[in-house]
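Colleague: When you get a sec, could you give me coordinates for this:
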Amino acid sequence: MPAPEPSGTAESASRVIADPGLAERAGEILRSVPIPIDDSYPGLYGLRIVAASDDRIEAKVAVRDEIKQALGVVDGGVYASMAEDMASLATASVVFRDQKLAFGSSNHTSFVRPITEGTVHGEGVAVHRGRTTWLWEIRFSDDAGRLCAVSRVTVAVRGAG
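Modeller: Below is the predicted model of the structure:
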């Protein structure tokens, strides 16, 4: 079983980030949350932010027994959790600038292929950035780059007060 990777900065990720600005943005997201990712639910399942921009986010989770279901495949809840956290964190990092908060309000995840080892890779794109809602599509792949799941997440944007 691979050991969980350290988090806290985009530089801890093993995937290559072509645009240095994305690495800085990922670090900005990690610094903007009130509870560090490692000390909250995403830390329990091992979420690592790899790269981010205002309308794109990449993250990964190392596969280990604790996130598998009894049949030995990554539990579907991990994909749904990754999608929710990726979309919410990426949206929040933008709307925090306007003193607003972001919360997941809908999550639909479809499973295509199981993952049993390696890493779950997530790549998300904001397909709609509205005043009160954002819509994200997150695609999940295995280490071979094969599509394993797809999520559509709606994020509610609300005033902080």
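
Colleague: got a list of what the most centrally placed residue in the chain touches?
Modeller: Centroid check for the chain by C-alpha atoms, centre = their mean gives Met86 as the closest residue, at 2.9 Å. With contacts defined as C-beta atoms under 8 Å, 6 or more residues apart in numbering, Met86 is in contact with Leu47, Ile49, Ile57, Ala59, Gly122, Gly124, Trp136, Ile138, Val153. All C-beta atoms are positioned from the backbone trio N, CA, C, and that covers glycine.

Colleague: Would you confirm that it belongs to a helix?
Modeller: Yes. Met86 sits within a helix when classified using DSSP: H, G, I helix; E, B strand; the rest coil.

Colleague: how about the helices in the protein?
Modeller: Assignment of helices within the chain using DSSP state H yields the ranges 20-32, 41-45, 76-95.

Colleague: if you average pLDDT over each of the ones you listed, which comes out lowest?
Modeller: Lowest mean pLDDT of these: helix 20-32, a mean of 63.

Colleague: ok, now how distant is the residue nearest to the centre of the chain from Val95?
Modeller: Distance, Met86 to Val95, by C-beta to C-beta, to the nearest Å: 15 Å.
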